[in-house]
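[1] need coordinates for the below:
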Amino acid sequence: MAYILDVERDDRTIKGLHRTAIPCRYSVAVIEGKKTLQLTTYGSDNRIVTGQPSQTLQFTENTALQLYRILRAEFGFKE
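    Purely as a prediction, here's the structure:
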């Protein structure tokens, strides 16, 4: 579980797609006066306990904007 402080580029090479595909859900809440986006991934069907959250990442408005700008630039999304 992690609260994201900043989103920066990592120049290491991605060697391929991970073999395991998992679901990801999002939720939004106001926490300590800050609107927060939370992404939660769930373990694969191969885990001992299935259906349990595996990892959560929390983004404030500032870090969500950083991620949005990265996605728009890298994938060419149009407004």
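
[2] hey, let's count contacts and neighbours off CA atoms from now on
    Fine.

[3] low-confidence ranges, this structure, go.
    Residues of the chain meeting the criterion pLDDT under 70: none.

[4] could you pull out the helices in it for me?
    Per DSSP state H, the chain carries helices over the ranges 61-75.

[5] just so I have it, where are all the strands in it?
    Secondary structure of the chain (DSSP state E): strands at 2-3, 24-31, 34-42, 53-59.

[6] make JSON lines from those strands and add mean neighbour count and distance to Gly16 to it.
    JSON lines is the format used below for the strands of the chain (neighbours: other Cα atoms under 10 Å; distance: least, Cα to Cα, whole Å):
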{"stretch": "strand 2-3", "mean neighbour count": "12", "distance to Gly16": "24"}
{"stretch": "strand 24-31", "mean neighbour count": "11", "distance to Gly16": "20"}
{"stretch": "strand 34-42", "mean neighbour count": "17", "distance to Gly16": "19"}
{"stretch": "strand 53-59", "mean neighbour count": "16", "distance to Gly16": "21"}
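
[7] can you lay out these as TSV showing distance to Lys78?
    Output for the strands of the chain, formatted as TSV (distance: least, Cα to Cα, whole Å):
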stretch	distance to Lys78
strand 2-3	28
strand 24-31	22
strand 34-42	22
strand 53-59	22
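
[8] ok, Leu57 to Lys15 distance?
    Look at Leu57 and Lys15: by Cα to Cα, to the nearest Å, they are 23 Å apart.
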